[in-house]
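> Here you go, sequence then predicted model.
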Protein chains: 2
Amino acid sequence: MSDKDPKPKRGRPKTFDRDRTLDIAMTAYWEADPADVSLNALCQRAAVSKPALYREFGGEDGLMRAALDRYAETVLSDVFVVLSKNAPLEETLDALTAFASEDPKMERGCLFYKMRAGKHRLGPETRRRVEEIDAAAVHAFTAYLEGRRAAGDWAGDISAALAARFLVEQIGLALTQRAAGEDPGQIRDTLVLALAALRRP
Amino acid sequence: MSDKDPKPKRGRPKTFDRDRTLDIAMTAYWEADPADVSLNALCQRAAVSKPALYREFGGEDGLMRAALDRYAETVLSDVFVVLSKNAPLEETLDALTAFASEDPKMERGCLFYKMRAGKHRLGPETRRRVEEIDAAAVHAFTAYLEGRRAAGDWAGDISAALAARFLVEQIGLALTQRAAGEDPGQIRDTLVLALAALRRP
DNA sequence: AGTTTTACGGACTGCTTGGTACGAATAATC
DNA sequence: GATTATTCGTACCAAGCAGTCCGTAAAACT
């Protein structure tokens, strides 16, 4: 597995730091609304030339898509991990509530939900990825809830798919409120109120 | 009160149709995201010159604010009327659910919530008006719920203010989903699930 | 040394944006 | 008819946008 310069390639050696640039782009898109971050501003922020960006990512759509990919690997994966643990319902809902309404990491909201909210403004690649992640999230929540039902842990009389959609939307709502700078305590209260629908029969 | 040309004013007579222009602007902002409607496009759509717009509304902010004003008078007022009727809780929640998830008038979502979602992109006047309407909505819902509590109709153990906030956000979520073109049936199911928190003790 | 290959970025394109300068048009008044 | 008051819209502005041209730098190969 040694990727230690196995082939001294021809031509001028590449100096473009893809990883660093992607980090900066992801952070910028995350902090602000992706629609409010221009390529020009991004180039300046990362001290990178525009042609370099185009060589590496093909354009704005490619860059956004790559940034979203990284976000999914870096941040969203944690949520999927939590679900795959198949912990009791109460415990999982508490963890999700804390994550969405209080986790300092999510103080500026969630890049995925921000992109989803402005889906019509995205390029085709990024939009496709957003829909992919959305479907994956619903699927993961559905699987988790079906597991909890089988474990006798959840007695809801609704379909797991509906409950999963509901969860995804309520968490999204909370994270959108955080991005808007609303009071975490109030966000938490609202989210707890909503999720009560899954706790009681 | 006759405004029948009581004063033959000096200067060139005005031909600008403020009402018609405002209607077209409101509709355009409503159908699309306000951030995606440029003044240029609006002028073309209304067959109006840009300087005329500036003379009448002062700029983009003024026009948006005027369009939102008209929207509040035209559309939102209906909701406030429903609340002021002080109908039983179940009945009102059903009406709100139908309004948000199925009313054909709201097929493209709600201008107020669209503006609120992109609040940071608005001019100062429009933003201020959005916050005003938001506060008014919460206030109206709070007053209604307190009335229902007094009538023994609502036995919730939470504050009316929290329940009002919750209602405003859930209705907003449903209307945002409608703007995104999601299935009304699914939107309805999700909203009913959320509002169950207010129906049960 | 010279050729080939690859990556580099300054400077440019064409387009859209919100906003405005200004002369022409149209009325009442003198 | 001249003056004054008011509204009209063409034509322009600077700024910002995504995206690209192309000359130059830096390496390996011959």
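Received it, and whenever you're ready, just let me know what you need.

> C-alpha from now on. contacts and neighbour counts both.
Noted.

> who in chain A is up against chain B?
A:162, A:165-166, A:173, A:189-190, A:193-197 (Cα under 8 Å from any Cα of the partner chain).

> ok, how many other residues are close to whichever residue of chain A sits closest to DNA strand C?
Closest to DNA strand C within chain A is residue A:11: 3.0 Å, counting by Cα to the nearest atom of the strand. By other Cα atoms under 10 Å in any protein chain shown, 6 other residues sit near residue A:11.

> what about it, distance to chain B?
Look at residue A:11 and chain B: by Cα to the nearest Cα, to the nearest Å, they are 44 Å apart.

> SS state for that residue?
coil (DSSP: H, G, I helix; E, B strand; the rest coil).

> State the phi and psi torsions of it.
Phi and psi for residue A:11, reported as degrees, to the nearest 10, are phi 80, psi 170.

> pLDDT score for it?
Listed pLDDT for residue A:11 reads 93.

> What subset of the residues of chain A next to chain B is buried?
A:162, A:165-166, A:173, A:189-190, A:193-195, A:197 (16 or more other Cα atoms under 10 Å in any protein chain shown).

> For the residue sitting nearest the centre point of chain A, list the residues it contacts.
Nearest residue to the geometric centre of chain A (Cα atoms, centre = their mean): residue A:112, 3.8 Å. Shown in contact with residue A:112 (Cα atoms under 8 Å, 6 or more residues apart in numbering or on different chains): A:68, A:71, A:130.

> so who does the second one touch?
To tie it back to what came earlier, the one meant is residue A:71. Counted by Cα under 8 Å, 6+ apart, residue A:71 has contacts A:26, A:111-112.

> Out of those, name the ones that lie in helices.
Using DSSP state H, A:26, A:111-112 are the members of the contacts of residue A:71 that sit in helices.

> and chain A, which residues reach DNA strand C?
Within chain A, the positions adjacent to DNA strand C are A:9-16, A:48-52, A:55 by Cα under 7 Å from any atom of the strand.

> Try it again at 6 Å.
A:10-16, A:48-49, A:51-52 (Cα under 6 Å from any atom of the strand).

> Assess the claim that residue A:144 and residue A:82 are in contact.
No. Residue A:144 is not in contact with residue A:82 according to Cα atoms under 8 Å; the separation is 9.9 Å.

> So which of these two has more stuff around it?
In this view residue A:144 and residue A:82 are compared by other Cα under 10 Å, and residue A:144 has more residues nearby, 24 against 14.

> OK, contacts around the residue of chain A closest to DNA strand C?
With Cα under 8 Å, 6+ apart, residue A:11 has no contacts at all.

> Also residue A:147?
For residue A:147, the contact set (Cα under 8 Å, 6+ apart) comprises residue A:86.

> Figure out how far stretch A:125-140 is from the centre of its chain.
From the chain centre to the centre of stretch A:125-140 is a distance of 10 Å (Cα atoms, centre = their mean, to the nearest Å).

> how about it, does it reach DNA strand D?
No. Contact of stretch A:125-140 with DNA strand D (Cα under 6 Å from any atom of the strand) is absent, the minimum separation being 11.6 Å.

> what does that stretch rub up against?
The list of residues contacting stretch A:125-140 from outside it, by Cα under 8 Å, 6+ apart, reads A:61-62, A:64-65, A:68-69, A:80, A:83-84, A:112, A:115-116, A:119-120, A:161, A:164-165, A:168.

> Filter those residues down to just the ones in strands.
Judged by DSSP state E, strands contain none of the contacts of stretch A:125-140.

> Buried only: go through the residues you listed for me.
For those, buried by 16+ other Cα under 10 Å: A:61-62, A:64-65, A:68-69, A:80, A:83, A:112, A:115-116, A:119, A:161, A:164-165, A:168.

> So for the helix ranked longest in chain A, what gets flagged as buried?
If you go by DSSP H, chain A has its longest helix at helix A:124-150. By 16+ other Cα under 10 Å, the buried positions in helix A:124-150 come out as A:126-127, A:129-130, A:133-134, A:137-148.

> Which residue is the nearest non-sequential neighbour of residue A:108?
Closest residue to residue A:108 apart from its sequence neighbours, by Cα to Cα, 6 or more residues apart in numbering or on different chains: residue A:179 at 4.5 Å.

> Pretty sure the one you found sits against residue A:107.
Yes. Contact criterion Cα under 8 Å: residue A:179 and residue A:107 qualify, at 6.6 Å.

> avg pLDDT for stretch A:46-66?
For stretch A:46-66, the per-residue pLDDT averages 98.

> One more: stretch A:90-103?
For stretch A:90-103, mean pLDDT is 98.

> how far is it from where the chain is centred?
16 Å.

> go on, stretch A:95-108?
13 Å.

> What is the nearest of the residues of chain A next to DNA strand C to residue A:99?
Taking Cα to Cα as the measure, residue A:99 sits nearest to residue A:48 out of the residues of chain A next to DNA strand C, at 34.0 Å.

> picking up where we left off before, between the contacts of residue A:71, which sits nearest residue A:43?
residue A:26 (12.8 Å).

> what's the spacing between that closest one and chain B?
Taking Cα to the nearest Cα, one finds residue A:26 at 20 Å from chain B.

> That residue: neighbouring residues, count only.
22.

> Enumerate every residue touching the closest residue to it other than its chain neighbours.
Using Cα to Cα, 6+ apart and skipping the chain neighbours, the partner closest in space to residue A:26 is residue A:67 (4.8 Å). Listed by Cα under 8 Å, 6+ apart, the contact set of residue A:67 reads A:22-23, A:25-26.

> Same question for residue A:167.
Going by Cα under 8 Å, 6+ apart, the list of residues near residue A:167 reads A:141, A:195.

> Quick check, pLDDT for it.
So, for residue A:167, pLDDT stands at 98.
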